[in-house]
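[1] Sequence and predicted structure, then a few things I'm wondering about:
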Amino acid sequence: MKNARILLINFILVLFASALFTMNSCEKASDQEPVVEKPTIMVIDKIILKSFSLFNPNGNRWDDWTNYPDPYVVFCEEASDGSLNILIETGRYDELKLSDLPINYTNSKLPLSLTNFNRNLGIGLFDYDSDGGDDFMFEVEFKISDFVPYSGEYPTEIQLYADTGAFTLEIHWK
Ligand SMILES: [Ca+2]
Ligand SMILES: [Ca+2]
């Protein structure tokens, strides 16, 4: 009878010890899990022109006096009142040929941090003309939320396609 009681006490001690061990290892496991925080900022590092059309919607060259346009990029956001804020307007490349692509449009505003993932954004290409009547070449509208993944890795570049042109944005997240 006494032996039985000692056995029982031993059994309870072993149970208690293994419970402690389990609790301890659980704690360790949760300590080792990485802290997953969703990014709240998308940073645009580079704006790259991938393609454009040599012809306007009428089928003519963008300039009468030359075969090649002089494109620059305008990147804007739609404010809450519906007006457009220009965030970036780049310099132009004169007489840009398709064989010059891809072109990296550098700008002092880059890298550009954006925090509102649901705001309407637009990136457009315009042909500079010395008479001031620049031609609109193409535009792509998007929201950052379009590119936020449901799970897994966040993208490091965004492809923006229009019927007559395309941009790539090289990005990172914070
Ligand atoms: Ca023109
Ligand atoms: Ca021009």
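    Great, that's in hand. Ligands and ions are numbered 1, 2, ... in the order given.

[2] wait, L112 sits on I44?
    Yes. If you go by CB atoms under 8 Å, L112 and I44 touch, sitting 4.6 Å apart. Any C-beta I mention is one placed from the backbone N, CA and C, and that applies to glycine too.

[3] Can you give me the distance of the residue positioned nearest the centre of the chain to D45?
    Closest to where the C-alpha atoms of the chain average out (CA atoms, centre = their mean) is I171, at 4.9 Å. Computed as CB to CB, to the nearest Å, the I171 to D45 distance reads 6 Å.

[4] next one: T168
    Relative to D45, and taking CB to CB, T168 is found at 11 Å.

[5] who has more neighbours, those two?
    Neighbours were tallied for T168 and for D45 using other CB atoms under 10 Å; the higher tally belongs to T168 (17 against 13).

[6] Make sure that one is indeed in a strand.
    Yes. The assignment for T168, made by DSSP: H, G, I helix; E, B strand; the rest coil, places it in a strand.

[7] So it is in contact with P102, correct?
    Yes. Taking contacts as CB under 8 Å, T168 lies within contact range of P102: 7.2 Å.

[8] Now for the two: what residues contact both?
    Counting by CB atoms under 8 Å, 6 or more residues apart in numbering, the contacts common to T168 and P102 are I48, K50.

[9] who's in contact with L98?
    Applying CB under 8 Å, 6+ apart, one finds that L98 lies in contact with S51, F52, L54.

[10] how near is it to ligand 1?
    From L98 over to ligand 1 the distance is 17 Å, taken as CB to the ion, to the nearest Å.

[11] How about K50?
    21 Å.

[12] contacting residues around the residue nearest to D94 when sequence neighbours are not counted?
    Here the nearest residue to D94 in space, its sequence neighbours aside, is D70; by CB to CB, 6 or more residues apart in numbering that works out to 4.7 Å. With CB under 8 Å, 6+ apart as the criterion, the residues that contact D70 are D63, R92, Y93, D94, E95, L96, D127, Y128, D129.

[13] Just those: which are in helices?
    Among the contacts of D70, no member falls in helices (DSSP state H).
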